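# Could you work out the structure for the sequence below:
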Amino acid sequence: MNCLNTLQNALNLCIFVQIFQITMIQSMTGYGKSIVQLPTKKITIELKSLNSKSLDMNVRIPSFYKEKELPLRRLVAKSLVRGKVDVSLFVEVTGEETSTKINAAVVTEYMKQLQQIAPETSDAKCLEMAMRLPDTARAERAEIDETEWTTIEGHLKEAIANIVSYRVDEGKVLEADFLQRNANIRALLDDVIAVDPERISGVKERLQKGIADLKEKVDENRFEQELVYYIEKYDITEEKVRLNNHLDYFVDSINSADSNGKKLGFIAQEMGREINTIGSKSNYAPMQKLVVQMKDELEKIKEQLLNVL
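I've put the predicted structure just below:
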């Protein structure tokens, strides 16, 4: 009954985590553990995961359970989706029964030969030496008890639920960091918009000063045409609008049902393109300083996105 309750609880937790998984981002870093206590053995199941571009799973499992490795891999892959995942299943025998048996006939023959070689050697010493020789023990391979495996599988699901819960908690921390840095970039963009009129005035002043230095009469119409050309060349209106849209889309994507690290990474890449263009067009030290700060915030976002599922 206890096993059935544990299995039911694990299944319920898995359902809860799957619902939770739909509503927020997850980290690829996680750890989950569950311990199974059977009548004759204790089994410890451990799951560890780190970030990776795809699912890279390493399974360590006793040879007795090797035939169950494929369904185990499928179960873990279905839930964890992506990351470098280590799955370990450790068995500790706690009962009196064991599948390893002493090969009495082989041991007796070894002892007989040892006593022929060294007659003065005691039986205890011969037995000690004989047990170190090959084939003195044999492992009797038994069929896997399906009831036992069902219990183990239930605890595996519990370990998966634990690691997914860990990933969700890590995802909350990452989400808070992303939103804060997104807000920082938006505040810096507002500062860029605020200093833009000063920058344009500076362009006009430099052109007028350059013409005055030439001490030549300039056609006003031609001057206006050149001025418009330079203002258009340094105009960042489109970049400001697109960057603002990307910032909004980034926040919307975090809160959407299909949020994932690859999608957020693509949006961050587009944000970087607009920031770089603003920097190349600015030609104004105060604005370039703001652009450097935006780049710094964006790089921190990109670095953390590598760990998002």
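# what about the closest residue to residue 306 other than its chain neighbours, neighbour count?
Excluding the flanking residues, the one nearest residue 306 by Cβ to Cβ, 6 or more residues apart in numbering is residue 51, at 5.6 Å. C-beta coordinates here come from the backbone N, C-alpha and C atoms, glycine included. Around residue 51 there are 16 other residues, counting by other Cβ atoms under 10 Å.
# The one 10 residues further on now?
Summarising burial for residue 61: neighbours were counted as other Cβ under 10 Å, giving 17.
# Let me see the contact set for it.
For residue 61, the contact set (Cβ atoms under 8 Å, 6 or more residues apart in numbering) comprises 68, 69, 72, 87, 88, 89.
# next one: residue 27
With Cβ under 8 Å, 6+ apart, residue 27 has these contacts: 167, 170, 171, 173, 174, 307, 308, 309.
# A strand includes residue 135, no?
No - assessed with DSSP: H, G, I helix; E, B strand; the rest coil, residue 135 is coil; it does not lie in a strand.
# so what's it closest to, chain neighbours aside?
If the residues on either side of it in the chain are set aside, residue 135 comes closest to residue 106, at 5.2 Å by Cβ to Cβ, 6+ apart.
# how close does that neighbour get to residue 131?
Applying Cβ to Cβ, to the nearest Å, the value for residue 106 to residue 131 is 10 Å.
# And the next helix or strand past the helix or strand hosting residue 35?
Element membership for residue 35 (DSSP states H and E) is strand 30-37. Tracing the chain past strand 30-37, the next element assigned as helix or strand by DSSP H and E is strand 41-50.
# Which other helices and strands does that following strand contact?
Judged by 3 or more Cβ pairs under 8 Å, 6 or more residues apart in numbering; DSSP states H and E, the packing partners of strand 41-50 are strand 30-37, helix 69-80, strand 83-93, helix 146-214.
# rerun at 6 Å
Under the contact criterion of 3 or more Cβ pairs under 6 Å, 6 or more residues apart in numbering; DSSP states H and E, strand 41-50 touches strand 30-37, strand 83-93, helix 146-214.
# where among these is the average confidence lowest?
Among those, helix 146-214 carries the lowest mean pLDDT, a mean of 87.
# Just want the angle from that helix to strand 83-93.
Here the directions of helix 146-214 and strand 83-93 differ by 150 degrees (axes from the mean of the first three to the mean of the last three Cα atoms, to 10 degrees).
# Tell me what angle helix 146-214 forms with strand 41-50.
Inter-element angle recorded for helix 146-214 and strand 41-50: 10 degrees (by the same axes, to 10 degrees).
# list the helices and strands helix 146-214 packs on?
Packed next to helix 146-214, using 3+ Cβ pairs under 6 Å, 6+ apart, are helix 2-23, strand 30-37, strand 41-50, helix 237-254, helix 285-305.
# out of the ones you listed, nearest to residue 194?
Nearest to residue 194, of all the helices and strands packed on helix 146-214, is helix 285-305, at 9.5 Å by Cβ to Cβ.
# then the closest one to PDB, C-alphas only?
The C-alpha coordinates for helix 285-305 follow below in PDB (Å, rounded to 0.1, in the frame of the first residue of the first chain):
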ATOM      1  CA  ALA A 285      30.100  60.600 -26.800                       C
ATOM      2  CA  PRO A 286      27.300  60.700 -24.300                       C
ATOM      3  CA  MET A 287      25.100  58.500 -26.500                       C
ATOM      4  CA  GLN A 288      27.900  56.000 -27.200                       C
ATOM      5  CA  LYS A 289      28.400  55.700 -23.400                       C
ATOM      6  CA  LEU A 290      24.700  54.700 -23.100                       C
ATOM      7  CA  VAL A 291      25.100  52.200 -25.900                       C
ATOM      8  CA  VAL A 292      28.100  50.600 -24.200                       C
ATOM      9  CA  GLN A 293      25.900  50.200 -21.000                       C
ATOM     10  CA  MET A 294      23.100  48.600 -23.100                       C
ATOM     11  CA  LYS A 295      25.600  46.200 -24.700                       C
ATOM     12  CA  ASP A 296      26.800  45.200 -21.200                       C
ATOM     13  CA  GLU A 297      23.300  44.400 -20.000                       C
ATOM     14  CA  LEU A 298      22.500  42.500 -23.200                       C
ATOM     15  CA  GLU A 299      25.600  40.400 -23.000                       C
ATOM     16  CA  LYS A 300      24.600  39.300 -19.400                       C
ATOM     17  CA  ILE A 301      21.200  38.300 -20.800                       C
ATOM     18  CA  LYS A 302      22.800  36.300 -23.600                       C
ATOM     19  CA  GLU A 303      25.100  34.500 -21.200                       C
ATOM     20  CA  GLN A 304      22.200  33.500 -18.900                       C
ATOM     21  CA  LEU A 305      20.100  32.400 -21.900                       C
END
